Structures are given as C-alpha cells and as structure tokens.
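Peer 1: Any chance you can model this:
(one chain, ligands or ions: 2)
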Amino acid sequence: MKILVVGSGGREHALVWKLGLSDEVREIYCSPGNAGIAAAAKTRLLPKLSLRQLLDFAVDQDVDLAVVGPEASLVDGIGDLFRRSGVPLVGPSAEAARLEGSKAFAKEFMARHQIPTAAYRVFDDPSAAERALRSGLFEFPLVLKADGLAAGKGVLICADLQEAVAALDRIMIARRFGAAGDRLVIEEFLQGEEASFIVLADGAGNVVPMVPSQDHKQIFDGGRGPNTGGMGAYSMDGLLSPDLRRRILDQVILPTVDGMNQEGRPFAGILYAGLMLTEDGPQVLEYNVRFGDPEAQVILPRLRSDLAALLLQAARGDLASTQAEWTSEAAVCVVAAAKGYPGSYPKGLEISGLAKTDRMENLVVFHAGTSRVDGRYVTSGGRVLGVTALAPSLDEAVRRAYSGLNEIHFDGIYYRRDIAYRRLSQAERNS
Ligand code: AMP
Ligand code: GLY
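Peer 2: Ligands and ions are numbered 1, 2, ... in the order given. A predicted model of the protein is given here:
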C-alpha cells in the first residue's frame, strides 16, 4: 500500500511509525511532516500542500489510503474532496466534522440525542452573554468556550464573575481566537477524572474502540495553569472498568454514530469523545474528529493489529466484522515543550540526546516540532517531542519515559513531572 499522511505533529509521527511496521505498507508520504517523520521507515516528506494539491498528488501517485491528523483540514472538507475522487480517506466529511468544528453544534447535537454533557447556553452577542453572566444565573466555577477551532486553547475555566467577564472579553471582544470566538458556549463546570475514548467509525454504524487514555491538558504540574494542546498522556486497561467502558459505548459513542446517521451526516473516521467521569456517569466535554495528540502516541504503541489494514477497512465502510488487538502493557508519553509554550516561545534551539534515546528499549521519541538544520535536530514548535515508553506496569512505563527525557536537552526544555502520577498514587492507595 501507498499511504498519504497529512499533518506534522507527534500524532502524525506515531501514525507514520506504526504504519511503517506493517508488511502491507510499501511507501508513506507525509505532508508537511517534521524532522522525525522524515527519518521514519519507508517515509518521504512532501511540502505543505493545499487540499487540492494533496488530492492531485494522491491521484497521480495512486495512493491507496489517506490519513488526516489535524482537524482543520477535515473541517475544511478534505474528506469530501478525496471521497468524491474515489481516494479512500480516514476522516469525516465537513458536515460530520462540525462535531469538532463548532462546540455549539456539538452541544445542540448532544441535546437532540440525549447524550450526557454539561448544561450549557450559546451566545452570539457579547452583551447578551455579559448580561447573562451578571444576572446571577450561573454558579461558579464556570467554563467559557470559543465555539470554533482554537488548538485546544479556547476553553477558559473561570473561578468567579470577574474572571468570566475577562474570558468573555478575550474570546468575543479581543477575539484572541479569531473567528472561533464569533459564538460563545457557557457551560457548567464538571468534576471528575478525564478520559479520552477514541473509536474508528466506518460511517455505516460500526465502530472499533481503541484502548482508553488520559491526557494532561494544563501546562503545569498538578493540573495548574492554562490549557495546552496536551502535555502528556498515558494508556492502560485499568483506566476504565469494563462496566464504564460499556456505558461509554452505549450512552455516548453509539448514540453519537447513530445520531449522525439519522441526521444525514454519517461519521466515518476517527471519533474522539473527551469525557469527564463524574459521579453521575460519563459526560462529554468535547468531540474531536481525529486522533488525539498526545493520545495517539500512547494508543498506537499498544496496538497489535495492522494499523494500515484497520484504517483501510474504516475508510471503505467495512468494520462490521473487524476487531483490534491490543497489548495489555501500559504506555506513557511525556511531552517536552519549548520554554514559554503555550504562549510565545523561541525556535531553532539545538536538540541533543536523541542518539542515546534511540538505543533505549521500549522507548520511542515521537517528534512534534522539530526540523533538521545542517544535520542537527532543532526545535521548530511549542510542543517539541513526545517521549513514549511501554512497560508491563504503569510505574515502569513512567520511569522509562522520564529516564528517556533525562537524556534529552535543549535550552529551556520544559515538561511536566507528574504525568500519570494521579493514577499511580491511586493504585498505591488501592493496594
Ligand atoms: P475541551 O477542548 O472542550 O475538551 O476542553 C479542554 C479542557 O478543558 C478539558 O479537557 C477539561 O480539562 C476542561 N473542561 C472543558 N469543559 C469542562 C467542563 N464543562 N467542566 C470542567 N472542565 C472542563
Ligand atoms: N489531546 C487533546 C487533543 O488532541 O485534542
């Protein structure tokens, strides 16, 4: 098979790495990729291309399958474009990608289909939103969300009225997230553990669930500070009990897929439910219409089945009798970021230690924001690397990931020291 992967982050490196392990896969093209992806087996980088150019390339080269990492291309209609030309693609149509592209759409969809989610209101007018905030209608803390795509950063948790008014200003008046802030969702604050539940969906009502994972969205240890794209993740079977897993499938995933079908926008591709596991059961915080990043970096190393075959079946609408096999090992990914992220940060800093981590067992360093200059790896993004370890137990995976990180240096390297720690201390409490 020849596969085209679209995107340039740690998620895409994990995809390319896993696809490269398949005997079925002869060649992988990645646009625009990064320096780690350029060095991956069977892989060639393409420049950054428009959706049309990507399609032309896929048709010219007889690409068998396209896999799209980032949400923006899906919201912009790459799924429709490829499907119209008969090139199999993993990813939803623009209509179905609205589940991620508009938080207001997602909330209204969930309300229509009784899918559990936080109580909410949608506002188009900033003064109406401010009046509602000042009316005493809401309890604090409260969550304000820009409606559109904001790279995981458009969600602001507000402790009191003053913070909420400031957040409203940031989103709708100062328009820090651009047109994403045309509409505002105000949402009840939910408490509990978070979990990412991701499935492959074939658009015909069939899903293949992946193993569960948990992201760490805030920049600082202990879950403090602003939200980022994700600072680390882990995946292990014990994250969800079999009962909870069943409830998530029955109350969230299947009603979502069925609801989208009923509404004439079938969902084919990767469906990601970001969940809060509350005392009243799982509630949806958000949908994504693609793999999570860093979640992909802990999920894909646990996959035993052939990823290329699975994705091709999903793209063909043919998952009815497909199952995926997973190792019971735990995986942990710690993201190394540039100093200043998720705000502004320097680029072009030399990265050292990668030759050492290459030789470490059960450890893979996925590149996110890297490029290669004069034979050296340098930073080129906020999230720079995802250091991922696989081990029979979660503590061992944590130890391995951090021992890998100890070998890696660049000026101002920053990473959270507590990835998976909450789960570790819980396991200790329970033993
Ligand atoms: P989202 O992009 O909507 O998933 O939001 C990003 C992060 O904000 C989530 O992973 C949660 O940590 C937090 N968050 C979002 N919505 C809520 C909510 N209703 N209650 C509590 N935390 C939330
Ligand atoms: N890690 C969260 C996301 O990919 O949106």
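Peer 1: When you work out contacts or count neighbours from here on, use the C-alpha atoms and nothing else.
Peer 2: Fine.
Peer 1: got the residue ranges for the strands in the stretch 301-431 of the chain?
Peer 2: Applying DSSP state E, counting those that start in this stretch to the stretch 301-431 of the chain gives strands spanning 330-337, 363-367, 370-373, 376-379, 383-391.
Peer 1: need the contact list for the residue in the stretch 1-150 of the chain that ligand 2 sits nearest to.
Peer 2: Nearest residue of the stretch 1-150 of the chain to ligand 2: Arg11, at 8.5 Å (C-alpha to the nearest ligand atom). For Arg11, the contact set (C-alpha atoms under 8 Å, 6 or more residues apart in numbering) comprises Gly69, Phe291, Gly292, Asp293, Pro294, Glu295, Ala296, Gln297, Phe366, Ala368.
Peer 1: rerun that using 7 Å as the cut-off
Peer 2: Arg11 makes contact with Gly69, Asp293, Pro294, Ala296, Gln297 under the criterion C-alpha atoms under 7 Å, 6 or more residues apart in numbering.
Peer 1: so of those, which ones are in helices?
Peer 2: Residues of the contacts of Arg11 located in helices (DSSP state H): Ala296, Gln297.
Peer 1: which of the contacts of Arg11 lies closest to ligand 2?
Peer 2: Nearest to ligand 2 among the contacts of Arg11, counting by C-alpha to the nearest ligand atom, is Asp293 at 4.0 Å.
Peer 1: What parts of this structure come near ligand 2?
Peer 2: Proximity of the chain to ligand 2 is confined to Gly152, Asp215, Gly229, Gly230, Gly292, Asp293, Pro294, Glu295 under the rule C-alpha under 6 Å from any ligand atom.
Peer 1: Which of the residues you listed fall in strands?
Peer 2: Asp215 (DSSP state E).
Peer 1: Neighbour count added to the residues of the chain next to ligand 2, as JSON lines?
Peer 2: Shown next, in JSON lines, are the residues of the chain next to ligand 2 (neighbours: other C-alpha atoms under 10 Å):
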{"residue": "Gly152", "neighbour count": "11"}
{"residue": "Asp215", "neighbour count": "24"}
{"residue": "Gly229", "neighbour count": "21"}
{"residue": "Gly230", "neighbour count": "23"}
{"residue": "Gly292", "neighbour count": "29"}
{"residue": "Asp293", "neighbour count": "23"}
{"residue": "Pro294", "neighbour count": "32"}
{"residue": "Glu295", "neighbour count": "28"}
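Peer 1: buried stuff in the lengthiest helix in the chain?
Peer 2: The helix that spans the most residues within the chain, counting by DSSP H, is helix 394-407. By 16 or more other C-alpha atoms under 10 Å, the buried positions in helix 394-407 come out as Leu394, Asp395, Ala397, Val398, Arg400, Ala401, Tyr402, Ser403, Gly404, Leu405.
Peer 1: What parts of the protein come near ligand 1?
Peer 2: Ala118, Val143, Gly152, Val155, Glu187, Glu188, Phe189, Leu190, Gln191, Gly274, Leu285, Glu286.
Peer 1: which among these gets closest to Phe109?
Peer 2: For these, the residue nearest Phe109 by C-alpha to C-alpha is Glu286; the value is 11.6 Å.
Peer 1: Determine the set of other helices and strands touching the helix or strand that closest one falls within.
Peer 2: Assessed by DSSP states H and E, Glu286 sits inside strand 281-288. With contacts defined as 3 or more C-alpha pairs under 7 Å, 6 or more residues apart in numbering; DSSP states H and E, strand 281-288 has these neighbours: helix 94-101, strand 268-278.
Peer 1: Would you reformat those as TSV and include mean neighbour count and mean pLDDT?
Peer 2: Formatted as TSV, the helices and strands packed on strand 281-288 follow (neighbours: other C-alpha atoms under 10 Å; pLDDT from 0 to 100):
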stretch	mean neighbour count	mean pLDDT
helix 94-101	24	97
strand 268-278	24	97
